[in-house]
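Undergrad: Sequence and predicted structure, then a few things I'm wondering about:
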Amino acid sequence: MALEDIGQLIFVQLLQMTDYPGSPFTGDIARDLIMFLLVPSVFIILVVYMMVGRVLPPGGIYNKLRILLGITTYLFIIAGGYYRVFALLAGPYFIFLVFILGILFFILEHFRRRAPNELRSSYGSGHSTVSSTSIPHYENMGFIELNKTKKRIQARLADVTHEIREAEAGKVEEDLTYLRKERVSLQQELREVERQLNLGKRMGF
């Protein structure tokens, strides 16, 4: 079967894009398959996935219904002649996704990694930062201040644990990554405070 016949079969007969092989097609079958079959299909799957997630909650008895609704919606878009609309939207969407969001994400992650585990709660009048590789030491802190610091860390740790549960329920993976790192840092800092408290008790302070 000639390449033109393949393009005719896929784009005209199956996907109902009657302007093939004219504009916006390039005439390069490999390029056209990527830009007008693969990319739009991924775009449609993303749209359908988000739509299905709004209609049916994840897990349990809804899994099979989610799959059924997703496949049916995809086939409806093709059979209803709406594929061309998604194919024309997919290109600009991927440009925005790759260049705009990709660059923005890179910049944000670049600066975030310089202080990956900053505490979002304040200790006293200022903001304290805690790194998983650099835990503050409290050798020179008095017993009363150590107890106050311990309570503050425990309160923030409880808040972070609650936020992690909410993020897990909402499937917000980016928030989960940050929150889990913060929880580890808080746990390490709490152990350091408790170590100083136990040391003080053994020394009779």
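TA: In hand now; what should we look at?
Undergrad: Check which residues of the host helix or strand of Glu189 are buried.
TA: Assigned by DSSP states H and E, Glu189 belongs to helix 173-202. Buried residues in helix 173-202, defined by neighbour count with 16 or more other Cβ atoms under 10 Å: 176, 178-179, 181-183, 185-186, 188-190, 192-193, 196-197. C-beta here means a position set from N, CA and C on the backbone, and glycine is covered the same way.
Undergrad: List just the nearest of these to Ile153.
TA: Relative to Ile153, the closest of those is Leu190; by Cβ to Cβ it sits at 4.8 Å.
Undergrad: Distance of the closest one relative to Ile61?
TA: According to Cβ to Cβ, to the nearest Å, Leu190 stands 41 Å off from Ile61.
Undergrad: now swap in Val39 and tell me
TA: Noted for Val39: a distance of 34 Å to Ile61, by Cβ to Cβ.
Undergrad: the more surrounded of the two?
TA: Val39 (17 against 7; other Cβ atoms under 10 Å).
Undergrad: who's in contact with the residue lying closest to that one once chain neighbours are set aside?
TA: Closest residue in space to Val39, ignoring its immediate chain neighbours: Ala90 at 4.8 Å, by Cβ to Cβ, 6 or more residues apart in numbering. Applying Cβ atoms under 8 Å, 6 or more residues apart in numbering to Ala90 gives the contacts 39-40, 42-44.
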